[in-house]
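[1] Return atomic coordinates for the entry below.
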Amino acid sequence: MKDRFKRLVLENIKAGIVFNNPGGGTSAVIRVTPERITYRRGKSNFSVKLDALATAYARFSSLTCSTNDLKEFDQSVYSSEHNGHGCNCTFLFSLLHYLGLSSEIKGGGVPGRPFYVNVQ
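    Purely as a prediction, here's the structure:
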């Protein structure tokens, strides 16, 4: 499952693709390598390991996954309080939706109503 996800990313995600963030603004893919994806959100650049995204996809496949779930699952990637970043949550959700691996992003992105997707 992880290998399939990585293959889909490497075949379909290229520099220049822009995702609309559910809370506003955009995330623009800057670079994709077999190891990581780098994207720009606002004036900041973020880099996330492709394996970390694939691991989360495999974990939540066939389930509903919220930003809170991701932060609990791997704080080092998805939680700003633990050397990760919350932007990686909605970036993963946007990536999954673009690849046809999830529903649209739903929720409010606020406490008690986090963003979430149904992962396929």
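
[2] what about the strands in this structure?
    18-20, 26-32, 36-41, 44-49, 64-66, 116-118 (DSSP state E).

[3] residue closest to the middle of this protein?
    For the chain, residue 92 is the residue whose C-alpha lies nearest the centre (Cα atoms, centre = their mean; 1.0 Å).

[4] Show the model's pLDDT score for that residue.
    The predicted local distance difference test score for residue 92 is 98.

[5] Ok, residue 63 next?
    On the pLDDT scale, residue 63 gets 98.

[6] Could you check how far it is from residue 93?
    In this view, residue 63 and residue 93 are 13 Å apart by Cβ to Cβ, to the nearest Å. From N, CA and C alone the C-beta is placed, and that goes for glycine too.

[7] The two: who's more crowded?
    For residue 63 versus residue 93, neighbours defined as other Cβ atoms under 10 Å are more numerous around residue 93 (27 against 11).

[8] give the contact list for the more buried one.
    By Cβ atoms under 8 Å, 6 or more residues apart in numbering, residue 93 lies in contact with 22, 65, 67, 102, 105, 115-117.

[9] Could you check the pLDDT of the residue nearest to residue 20 when sequence neighbours are not counted?
    Nearest residue to residue 20, sequence neighbours excluded (Cβ to Cβ, 6 or more residues apart in numbering): residue 26, at 5.8 Å. The model reports residue 26 with a pLDDT of 97.

[10] Any idea how many residues pack against residue 26?
    Using other Cβ under 10 Å, the number of residues around residue 26 comes to 13.

[11] I figured it hits residue 17, correct?
    No. At 10.2 Å, residue 26 does not count as touching residue 17 under the criterion of Cβ atoms under 8 Å.

[12] ok so, going back, now the contacts of residue 93 in CSV, with distance to residue 42 and neighbour count?
    Shown next, in CSV, are those (distance: Cβ to Cβ, whole Å; neighbours: other Cβ atoms under 10 Å):
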residue, distance to residue 42, neighbour count
22, 15, 21
65, 24, 24
67, 18, 23
102, 24, 23
105, 18, 21
115, 17, 22
116, 23, 23
117, 22, 25
